[in-house]
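**Q** fold the following, please.
(chains A, B, C and D)
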There are 4 protein chains.
Amino acid sequence: MNERRKCAVALLLIDVVNGFDFEGSERLASDAMAAAPNILALRERAHAAGIPVTYANDNFGRWRSAFRAIVAACSDPSQPGSKVSQLLTPSERDYFVLKPRHSGFYGTALELLLEQLAVEKLILVGFATNICVLFTASDAHMRGYEVIVPSDCTASNTPELTQQALDHMRVVSSARVVAGAAVDLAQLSR
Amino acid sequence: MNERRKCAVALLLIDVVNGFDFEGSERLASDAMAAAPNILALRERAHAAGIPVTYANDNFGRWRSAFRAIVAACSDPSQPGSKVSQLLTPSERDYFVLKPRHSGFYGTALELLLEQLAVEKLILVGFATNICVLFTASDAHMRGYEVIVPSDCTASNTPELTQQALDHMRVVSSARVVAGAAVDLAQLSR
Amino acid sequence: MNERRKCAVALLLIDVVNGFDFEGSERLASDAMAAAPNILALRERAHAAGIPVTYANDNFGRWRSAFRAIVAACSDPSQPGSKVSQLLTPSERDYFVLKPRHSGFYGTALELLLEQLAVEKLILVGFATNICVLFTASDAHMRGYEVIVPSDCTASNTPELTQQALDHMRVVSSARVVAGAAVDLAQLSR
Amino acid sequence: MNERRKCAVALLLIDVVNGFDFEGSERLASDAMAAAPNILALRERAHAAGIPVTYANDNFGRWRSAFRAIVAACSDPSQPGSKVSQLLTPSERDYFVLKPRHSGFYGTALELLLEQLAVEKLILVGFATNICVLFTASDAHMRGYEVIVPSDCTASNTPELTQQALDHMRVVSSARVVAGAAVDLAQLSR
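**A** Prediction:
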């Protein structure tokens, strides 16, 4: 095993392909759209640095659909989340797991993929901060991963809930909470 | 399969056998001791109603120890949590799983035990509200259990953290948050 | 919950989309091609009866690929398994999970999907009998599913290994081993 | 992380504490008693070499019982397996997990314990070869562990089933099958 790769970091995009297709999602869709360029910038930096990018995305109950079909459905202009989904459409080089529930680790191959990539640190971005990001952070911490959550690369129904969830992850899951631009990928790769 | 038992409820005691053996645990130990009689009252009512009681308790890294030895260690007068551990010592009729991490579901037989008991609703009590209770509530909700968290049967480092965690479980894990005395076991058993 | 659906059965196709791209696979590819029409016939009967069909298929280490791309790769004429893969190409109405290892249950959402479909009985077909079919049968039995393995809908490196694996599943995983045509879908659906 | 410990090996005793309390268990109990001294010798060598010994033992449906109580019940002279259970009674220095089903990995903390002990190789011994030993070997292989199965430290209902199961584990789970006395603990510890 390549010991250098044992220190590897991965960027995990949680439910960024998302129609936000539910009553009262305007605020979340709007705040997610504010976060989306920060997420995109981080993804581009990860690509440039050779850091693996993985989408852990809800299947939204579409058990028969491939991720591509889910991306298409969420990118449909009728969806409140269409712009976010379009901006953050996965590239061919990105990994993905379709998750059936809140946490990226539950009922998916995420842990096996990360093990194969020799990942020990996870940068978590996406939506919603207090639900799927928080559940995934809990599961990551419980499994021994270091967790980093860029505060401007996530959103939830209200800024208050976002802040509380960030505080919770910092205190309980030992997450480092920093601005996306302040994430030092070179340092994390060491 | 007995369809009536499919609606069964279980009481889950999370890390109530606990030395609280860490720097700055005085407040938690004190608030836990305030909650302990409420937990005991609920356990007695569960016993009387024939509702299964399960301890999901940390092994505190003592991988070679039986639960009994952990109870003894946590009940030692040298431990800040000794009084809580003594008051809530498990009885012979109670089930238990020793958990190696935060959530009662991770690395334990809890899900299989609940399935065998045909449990669909979980009353969660114990410590700390924002850590092991919250992680267990998340995992329970993700697995489709109904979650009830009696607000006076739990504690964390500060009342603010307890309240935030209760709010979080109510919003995100659809937990019903009520006083322990208000938990209607007869209704939940139906 | 719909009690009638609780008795539901599902057909599970294990690694039938398969290039058999390894040294010495001729015999397996040939025996798999003999089994393929029996599998297809069973799948058609399942479709007609409204019984859910799920592909539990290896991702062959292609973590970035959708199932469609894996089907295309395995169906390439250069592959020893191309004819089997072409004949058994999934239809739009079929479910699928991409599995990273031997068992269909490990690192996948299979259990959650089956739970949602209220499935309690699993008809297992595919390749190889003594590896991925056997591992999946073990995991299914351990989780309480009834297991049915049609003996002419599976193959392995040699007929002896196939027979031993069928015997093993019958004895250890309580599998019913019958010919594909003898599988009574109407009875299993009850 | 201590790289030397990453190569560690562990000895796993599967269902050696066992009443064999079922119809027709005479042959298994007798063959298990023949294997028991070989298991004991290997356990003593593991103790001497500082290699962790873990019991992965069925709870036999006794969800309220500690391992000690299960050992006592299985060691009762009324049990066909009493002599095996007495001879192989766990010592204070041994780890244990109580498993609710066939595989030592399912519904237990075994994987987390092995991860903490930095174990990468597993010596599997116990009963029955074709059921719980085989299921555990499958799960171990699927998780990337090297598997060693000493052929004279295991037994099942008949010598034929034992031999078939050993062959299966050798072929499918890449198990090394050797005599217990030939297991080179020093070499495996490197």
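**Q** can you pull the contacts of the nearest residue to A:Leu185 once chain neighbours are set aside?
**A** Leaving aside its chain neighbours, A:Leu185 sits nearest to A:Ala49 (4.8 Å; criterion: CB to CB, 6 or more residues apart in numbering or on different chains). Yep, even glycine has a C-beta here, placed from its N, CA and C like the rest. For A:Ala49, the contact set (CB atoms under 8 Å, 6 or more residues apart in numbering or on different chains) comprises A:185-186, A:189.
**Q** chain center to the lengthiest helix in chain A: distance?
**A** Criterion DSSP state H: the longest helix present in chain A is helix A:26-49. Centroid separation between helix A:26-49 and its chain, computed with CA atoms, centre = their mean, to the nearest Å, is 10 Å.
**Q** mind saving the C-alpha coords of it as CSV?
**A** Only the C-alpha atoms of helix A:26-49 are listed here, as CSV (Å, rounded to 0.1, in the frame of the first residue of the first chain):
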residue,chain,number,x,y,z
GLU,A,26,-37.3,29.1,-1.9
ARG,A,27,-34.9,30.2,0.8
LEU,A,28,-32.9,27.0,0.7
ALA,A,29,-32.7,27.1,-3.1
SER,A,30,-31.6,30.7,-3.0
ASP,A,31,-29.0,30.2,-0.3
ALA,A,32,-27.8,27.0,-2.1
MET,A,33,-27.3,29.1,-5.3
ALA,A,34,-25.2,31.5,-3.3
ALA,A,35,-23.0,28.6,-2.1
ALA,A,36,-22.8,26.9,-5.4
PRO,A,37,-20.0,29.0,-7.0
ASN,A,38,-17.9,28.4,-3.8
ILE,A,39,-18.5,24.7,-4.2
LEU,A,40,-17.6,24.8,-7.8
ALA,A,41,-14.4,26.7,-7.1
LEU,A,42,-13.4,24.1,-4.5
ARG,A,43,-14.2,21.3,-7.0
GLU,A,44,-12.0,23.0,-9.6
ARG,A,45,-9.2,23.3,-7.1
ALA,A,46,-9.6,19.6,-6.2
HIS,A,47,-9.5,18.6,-9.8
ALA,A,48,-6.4,20.6,-10.4
ALA,A,49,-4.7,19.1,-7.3
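**Q** before we move on, the earlier item: mind checking pLDDT for the residue nearest to A:Leu185?
**A** Looking at A:Ala49, its pLDDT stands at 95.
**Q** from chain C, how far out is it?
**A** 18 Å (CB to the nearest CB, to the nearest Å).
**Q** and A:Phe127, how many neighbours?
**A** Using other CB atoms under 10 Å in any protein chain shown, A:Phe127 has 30 neighbouring residues.
**Q** who are the contact partners of it?
**A** Counting by CB under 8 Å, 6+ apart, A:Phe127 makes contact with A:14-16, A:18, A:20, A:28, A:32, A:35, A:133, A:154-156.
**Q** quickly name whichever of those is closest to B:Asn57.
**A** When the contacts of A:Phe127 are compared for distance to B:Asn57 (CB to CB), A:Val133 wins out at 28.5 Å.
**Q** quick one, phi/psi of the closest one?
**A** Per-residue torsions, A:Val133: phi -70, psi -50 (degrees, to the nearest 10).
**Q** which intervals of chain A have sub-threshold pLDDT?
**A** The model of chain A has pLDDT under 70 over residues A:1-7.
**Q** what does it put close to chain C?
**A** Contacts of chain A with chain C, taken as CB under 8 Å from any CB of the partner chain, map to A:59, A:63-64, A:66-68, A:92-96, A:98-101, A:107-109, A:111-113, A:116.
**Q** just checking, which of those belong to helices?
**A** A:67-68, A:111-113, A:116.
**Q** only whichever of the residues of chain A next to chain C are buried, select them in PyMOL.
**A** Here is the PyMOL selection string for the buried members of the residues of chain A next to chain C, based on 16 or more other CB atoms under 10 Å in any protein chain shown:
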select buried, chain A and resi 59+63+66+67+94+95+96+98+99+100+101+107+108+109+111+112+113
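**Q** about what we covered before: could you identify which of the contacts of A:Phe127 has the most neighbours?
**A** Tallying neighbours with other CB under 10 Å puts A:Val133 at the head of the contacts of A:Phe127, with 32 neighbours.
**Q** now do the same contact list for that one.
**A** For A:Val133, the contacting residues are A:14, A:124-127, A:149, A:154, A:165, A:169, by CB under 8 Å, 6+ apart.
**Q** okay, the residues you listed in TSV with distance to A:Arg143 and secondary structure next?
**A** Shown next, in TSV, are those (distance: CB to CB, whole Å; DSSP: H, G, I helix; E, B strand; the rest coil):
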residue	distance to A:Arg143	secondary structure
A:Ile14	16	strand
A:Leu124	13	strand
A:Val125	19	strand
A:Gly126	18	strand
A:Phe127	22	strand
A:Val149	16	strand
A:Thr154	20	strand
A:Ala165	19	helix
A:Met169	15	helix
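**Q** near chain B, which residues of chain A are found?
**A** So far as CB under 8 Å from any CB goes, chain A lies against chain B at A:101-103, A:106, A:130-131, A:134-135, A:138, A:141-142, A:161, A:164-165, A:168, A:171-172.
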